[in-house]
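Peer 1: next comes the sequence, and after it the predicted model I'd like to discuss.
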Amino acid sequence: MAIEPVNRADSEKKGQSGARAATVPDNAYLRLGFVLAIYAVFGILWVHFTDSALAALTDDPATLTYVQRFKGEAFIVLSAVLLYISLKAVIDRFQNLGDASTEMSLRHDQLMDALPDPVFSLDANGRIEATNIAAERTLGKSRSELKGLSPVEMVPEDTKPAVARSISRALAGMDQKIECKVYTPGGIRTFQVHAKPSRDMNRNVEHVLAIARDVTDQIRSELENRSRFHGFQKAMAQTVASISAIHEFRDAYTHGHQNRVAEIACRISDELGLPRFDRDSLELAGHVHDIGKMVVPIEFLTKPTPLTESEMGVIRSHAQIGYDVLSRIDFPWPISRLTYEHHERLDGSGYPNGLVASDLNLGSRILAVADVIDAMTSHRPYRLAADISVALEELVRNGGRLYDREVVAVCLDLYGKNDSSLARPAPGIPETNREKYGATSG
């Protein structure tokens, strides 16, 4: 629909007449009454003093008649001059106010039209009473066509209830912010609308001012960026999985260890209700937490007898090496830190830096517990796998000293539920210990 041309000069004339009609201040009648009171007081004083003066000067009837006529004529002239001066002052005052109001009204209109976003003024019934040029262009309607319409008439059916509620709340005096779809000549577009009530001197809402911003392209761009980011996350996760596979192909004894640690860590994070970001961090870090062992001699990793102290020192270096490798990759998750700290313990007895509880975040504590569980219940060249009960007893015995108490309690819960996706539940875990760590009986 074409927009009707707007004659700016006619609009300004109408604005001027309307502005003047609406600029009479509340004390206008008080000022006019003051002028009339002065007029009345002047008349009374004139009569009183002039009559007293005539009585003192003469008692001749002819003279009195002549002077009385002169006095009346003089009163008319003087009172007319006084009334003219007083009324002129009042009229000039109103005229100045009207001119100032008209100028402010015109500046207001010009400011509204200079805004790039559609602006609407709604009356007390929630209908459009004024708009700006941007609203005309956006909606493809002239101001005369928009005037009197309700915004509810401009939106799709599924949006009408929300828009109606927002208008009602704004008319009730509440600021509103809503995102809604609107019909435009180019199709349905999404707008973010801010509405603010405007109150009169009695604090009653008489108008609602609303500004609408087209966010259609912004939303589309955000969705595209989100899709690209998810693709990036997927590619990063696949890269991490490939790195993990390379390491496990090299060491048959630890094959599957990193995947199982990742799974256990994720199950713990789910039980704790951690955010998705933290869960993803643990999953990816679990898959590569032993990547530093790729530089450890394979004969150390597969040695069937106990390792010497120097050999243990080489193996323990894998945490630092893993950190050095992973920190060079700009992951959005703290994978390098989790890898670095998965052998640290709360009392400072861990490695590589002997960190204590206050230095370790929850993710590092979870990964440490998950690593201990799977390491103890997996075969190694120098020993057979321990039963899950042995691993859980280790956690219970050292909970609060080496391992986080809350994480230990969650593990007892998980392995007490006979979950087929995890190792078998521990037989014979003392009930007193389960209660100590907040675990349920399953």
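Peer 2: Cool, the structure landed. Everything numeric here is computed off the predicted structure, so don't read it as measured data.

Peer 1: could you use CA atoms for every contact and neighbour count after this?
Peer 2: Fine.

Peer 1: now the stretch 151-300 of the chain, which segments are flagged as low pLDDT?
Peer 2: 244, 247-255 (pLDDT under 70).

Peer 1: helices of that one, residue ranges please.
Peer 2: Secondary structure of the stretch 151-300 of the chain (DSSP state H, counting those that start in this stretch): helices at 160-171, 216-250, 257-272, 276-288, 298-301.

Peer 1: hey, which strand is longest across the protein?
Peer 2: If you go by DSSP state E, the chain has its longest strand at strand 187-199.

Peer 1: list of residues touching that strand?
Peer 2: Outside strand 187-199, the residues within contact range by CA atoms under 8 Å, 6 or more residues apart in numbering are 170-171, 173-183, 205-216.

Peer 1: sorry, back to before: tabulate the helices of the stretch 151-300 of the chain (CSV), appending mean neighbour count.
Peer 2: Shown next, in CSV, are these (neighbours: other CA atoms under 10 Å):
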stretch, mean neighbour count
helix 160-171, 18
helix 216-250, 14
helix 257-272, 22
helix 276-288, 23
helix 298-301, 14
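
Peer 1: for K147, find the nearest of those.
Peer 2: helix 160-171 (16.2 Å; CA to CA).

Peer 1: where do the domain boundaries of the chain fall?
Peer 2: 8-114, 119-214, 221-436 (automatic domain parsing).

Peer 1: quick one on the thing from earlier: would you mind listing which of the contacts of strand 187-199 are buried?
Peer 2: Neighbour-count burial (16 or more other CA atoms under 10 Å) applied to the contacts of strand 187-199 gives 170-171, 173-177, 179-183, 205-212, 214-215.

Peer 1: tell me which of those residues fall in strands.
Peer 2: Reading strands off the buried ones among the contacts of strand 187-199 with DSSP E, I get 176-177, 179-183, 205-212, 214.

Peer 1: mind picking the two most distant members of those residues?
Peer 2: Farthest pair in those, by CA to CA: Y183 and V205, 27.9 Å.

Peer 1: just the strands in the stretch 51-200 of the chain please.
Peer 2: Here the stretch 51-200 of the chain has its strands, by DSSP state E, counting those that start in this stretch, at 119-122, 128-131, 176-184, 187-199.

Peer 1: make TSV out of those and add distance to D374.
Peer 2: Below are these laid out as TSV (distance: least, CA to CA, whole Å):
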stretch	distance to D374
strand 119-122	63
strand 128-131	68
strand 176-184	50
strand 187-199	52
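
Peer 1: pick the most deeply packed of the ones you listed.
Peer 2: Of these, the one with the most neighbours on average (mean count of other CA atoms under 10 Å) is strand 119-122, at a mean of 24.

Peer 1: run through who's touching that strand.
Peer 2: Under CA under 8 Å, 6+ apart, the answer for strand 119-122 is 112, 128-132, 134-135, 207-212.

Peer 1: out of those residues, which is nearest to S317?
Peer 2: Closest to S317, out of all of those and judged by CA to CA, is A212, at 59.6 Å.

Peer 1: where's S269 relative to A262, distance?
Peer 2: 11 Å (CA to CA, to the nearest Å).

Peer 1: typo on my end, L209
Peer 2: Distance from L209 to A262, counting by CA to CA: 54 Å.

Peer 1: which one of the ones in strands among the buried ones among the contacts of strand 187-199 is nearest to R383?
Peer 2: Closest approach to R383 among those (CA to CA): E179, at 63.3 Å.

Peer 1: for that closest one, name its beta-bridge partners.
Peer 2: Beta-bridge pairing for E179 (DSSP bridges): Q192.

Peer 1: got the contact list for it?
Peer 2: Neighbour list for E179: T190, F191, Q192, V193 [criterion: CA under 8 Å, 6+ apart].
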